[in-house]
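J.: sequence first, predicted model second:
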Amino acid sequence: MNALFDADRSLLPWWFLVAILTVIVLAIAYAFVGTIVVGIFFYYAMRPINRRIRRFTSARRFAAVTTLVLVLLPIIVFLTYTLFVGLESLNMALSEGIRQALRPYVDLTRWLEEPQTLVTITERLQRSAPLQGILTASIDVLVAVTNALVHVGLIVAIVYYLLRDGARIEAWFREEVGPDSAAYAYASAVDTDLETVYFGNVIALVMITFGAIVWYHGYNVIAPPHLQVPVPMLLGLLTGIASIIPIVVGKLVYLPITAYLVLHAIRTSPVQLWYPALFGIVSLVVLDLIPQSFIQPYIAGRKLHVGLTIFAYVFGGLFFGWYGLFLGPIILVFALQAIRLVITDLLHGGPVTPRPTAARDLGSDPALEADE
């Protein structure tokens with residue numbers, strides 16, 4: 001007994017070190033929780049594609065890079081293009097006002113004729129409240145863009161290393177806890193469910209985004225100029241993003257657009273109300289009924305309850321903020337698999353087994369799918 005106590009006491013410094021490192025890691029993870037959960041989202045969304053690429057090559061690094069180039073890079077390029085489109089529209093709206101504000105301070109010909117050009121420029125800048133506001137706003141935008149690029153780089157790095165080393169991590173964990181253990185069953189079931197949810201969401205998002213962009217531009221071709229959809233590219237992207245949440249799909253975007261077109265038609269030409277009606281009906285069918293009836297149930301709703309998934313997205317977003325849309329499903333999957341595999345056994349006094357004992361028709365079954 002004394003020998004055991006002495007042995008345990010000798011391990012206390014190591015446990016203390018592990019506890020300190022754990023607290024530090026958790027603090028860092030909390031500070032970057034949004035970036036991390038977005039990286040996890042893209043990892044699970046891209047892993048099925050990476051798995052298919054691995055069929056043609058055994059090089060994990062090459063497969064990870066190829067997956068990023070084929071999937072994540074086009075997404076980043078598309079988002080960047082949409083951002084520039086929005087900035088260009090803003091520039092067209094504000095350029096004249098900005099030009100008028102800057103004109104008294106950028107007359108270079110007159111400045112160069114003065115003997116103390118730099119002093120004059122500095123004094124004018126100090127006296128110019130509008131110009132200072134413009135400079136301050138420009139610096140804020142530069143800082144925000146730089147910060148966004150840093151986070152995008154971190155997301156790409158997270159996805160890359162998980163794609164490259166995910167199989168190694170899984171093999172290490174299986175070897176440590178045993179392939180027949182409840183811990184491995186729980187982890188494998190969570191892993192499978194997260195892939196199902198996120199991959200299905202991305203497929204639905206891409207299809208709805210593409211359909212929204214095509215339909216919004218197509219509608220603008222046939223509609224009169226005063227009843228066209230403004231910035232169709234940006235609104236198409238927003239429609240796709242809204243489709244992450246089941247049931248909601250694109251309603252958050254196409255319904256306000258329809259209302260806007262109806263009000264505009266009433267004010268300008270009531271006889272042309274059939275244009276907004278056409279837009280609303282086609283949007284309902286193409287961007288709502290078809291995705292909910294065929295796309296999302298097939299690729300995302302096969303194993304998880306749709307109602308629970310909606311609550312996970314809504315409550316996650318309301319409680320955690322923007323990254324709750326990605327964190328909510330993670331919490332749902334962890335909780336659901338805990339109910340299936342852990343809680344019932346604990347309530348009955350254990351032991352915890354790798355077989356589900358509750359909610360058998362929900363979630364992935366690790367006994368059947370762990371080795372797939």
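T.: Right, received. Where do you want to start?

J.: I'd say Asp288 and Lys251 touch.
T.: Yes: judged on Cβ atoms under 8 Å, Asp288 makes contact with Lys251 at a distance of 6.6 Å. Any C-beta I mention is one placed from the backbone N, CA and C, and that applies to glycine too.

J.: looking at these two, which is more packed in?
T.: Asp288 (20 against 17; other Cβ atoms under 10 Å).

J.: okay, buried residues for stretch 173-183 please.
T.: Judged by neighbour count (16 or more other Cβ atoms under 10 Å), stretch 173-183 contains these buried residues: 173-174, 181-183.

J.: low-confidence ranges in this structure?
T.: 1-8, 78-79, 81-138, 140-141, 245-249, 292-303, 305, 359, 367-372 (pLDDT under 70).

J.: show me the domain layout of it.
T.: Domain segmentation of the chain under automatic domain parsing yields 1-31, 32-177, 180-372.

J.: pick the most buried one from those domains.
T.: domain 180-372 (a mean of 18; mean count of other Cβ atoms under 10 Å).

J.: what packs against the helix or strand hosting Thr192?
T.: In this structure, Thr192 is located in helix 182-222 according to DSSP states H and E. Applying 3 or more Cβ pairs under 8 Å, 6 or more residues apart in numbering; DSSP states H and E, one finds that helix 182-222 contacts helix 33-53, helix 129-177, helix 232-242, helix 274-284, helix 296-299, helix 324-338, helix 366-369.

J.: now the second one against helix 182-222, angle please.
T.: Spelled out, it's helix 129-177. Using axes from the mean of the first three to the mean of the last three Cα atoms, to 10 degrees, the inter-axis angle of helix 129-177 relative to helix 182-222 is 140 degrees.

J.: packing partners of helix 129-177?
T.: Helices and strands touching helix 129-177, by 3+ Cβ pairs under 8 Å, 6+ apart, are helix 33-53, helix 60-67, helix 73-102, helix 117-127, helix 182-222.

J.: report the inter-axis angle for that helix versus helix 33-53.
T.: Calculated by the same axes, to 10 degrees, helix 129-177 forms an angle of 60 degrees with helix 33-53.

J.: which residues sit in contact with the residue lying closest to Ile155 once chain neighbours are set aside?
T.: Distances taken as Cβ to Cβ, 6 or more residues apart in numbering put Gly39 closest to Ile155, at 4.6 Å, once the chain neighbours are dropped. By Cβ atoms under 8 Å, 6 or more residues apart in numbering, the residues touching Gly39 are 154-155, 157-159, 162.

J.: same question, Met46
T.: Per Cβ under 8 Å, 6+ apart, neighbours of Met46: 67-68, 71-72, 159, 163, 202.

J.: again, only using 7 Å
T.: Neighbouring residues of Met46 by Cβ atoms under 7 Å, 6 or more residues apart in numbering: 67, 71-72, 159, 163.

J.: alpha carbons of stretch 155-172, as PDB, please.
T.: Extracted in PDB, the C-alpha atoms of stretch 155-172 (Å, rounded to 0.1, in the frame of the first residue of the first chain):
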ATOM      1  CA  ILE A 155      -9.000  27.200 -41.300                       C
ATOM      2  CA  VAL A 156      -7.100  25.900 -44.400                       C
ATOM      3  CA  ALA A 157      -4.300  24.600 -42.100                       C
ATOM      4  CA  ILE A 158      -6.700  22.800 -39.800                       C
ATOM      5  CA  VAL A 159      -8.500  21.200 -42.800                       C
ATOM      6  CA  TYR A 160      -5.200  20.200 -44.400                       C
ATOM      7  CA  TYR A 161      -3.700  18.500 -41.400                       C
ATOM      8  CA  LEU A 162      -6.900  16.700 -40.400                       C
ATOM      9  CA  LEU A 163      -7.200  15.400 -44.000                       C
ATOM     10  CA  ARG A 164      -3.500  14.300 -44.000                       C
ATOM     11  CA  ASP A 165      -3.300  12.900 -40.500                       C
ATOM     12  CA  GLY A 166      -6.900  12.000 -39.600                       C
ATOM     13  CA  ALA A 167      -6.400   8.300 -40.300                       C
ATOM     14  CA  ARG A 168      -3.300   8.300 -38.100                       C
ATOM     15  CA  ILE A 169      -5.200   9.900 -35.300                       C
ATOM     16  CA  GLU A 170      -8.000   7.400 -35.600                       C
ATOM     17  CA  ALA A 171      -5.600   4.500 -35.700                       C
ATOM     18  CA  TRP A 172      -3.700   5.800 -32.600                       C
END
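
J.: next one: it to chain centre, how far?
T.: Put simply, stretch 155-172 sits 18 Å off its chain's centre (Cα atoms, centre = their mean, to the nearest Å).

J.: which residues touch it?
T.: Stretch 155-172 is touched from outside by 35-36, 38-39, 42-43, 46-47, 50, 60-61, 64, 67-68, 72, with contacts defined as Cβ under 7 Å, 6+ apart.

J.: please redo it, this time with the cut-off set to 6 Å
T.: The contact list for stretch 155-172 (Cβ atoms under 6 Å, 6 or more residues apart in numbering) reads 35, 38-39, 42-43, 50, 60-61, 64, 67.

J.: could I get the residues you listed as JSON lines with distance to Ile208?
T.: As requested, the contacts of stretch 155-172 are exported to JSON lines (distance: Cβ to Cβ, whole Å):
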{"residue": "Thr35", "distance to Ile208": "25"}
{"residue": "Val38", "distance to Ile208": "19"}
{"residue": "Gly39", "distance to Ile208": "23"}
{"residue": "Phe42", "distance to Ile208": "18"}
{"residue": "Tyr43", "distance to Ile208": "22"}
{"residue": "Asn50", "distance to Ile208": "23"}
{"residue": "Arg60", "distance to Ile208": "32"}
{"residue": "Arg61", "distance to Ile208": "33"}
{"residue": "Ala64", "distance to Ile208": "27"}
{"residue": "Thr67", "distance to Ile208": "22"}
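
J.: for Val190, state which of those is nearest.
T.: Val190 has its nearest neighbour among those in Tyr43, at 13.6 Å by Cβ to Cβ.
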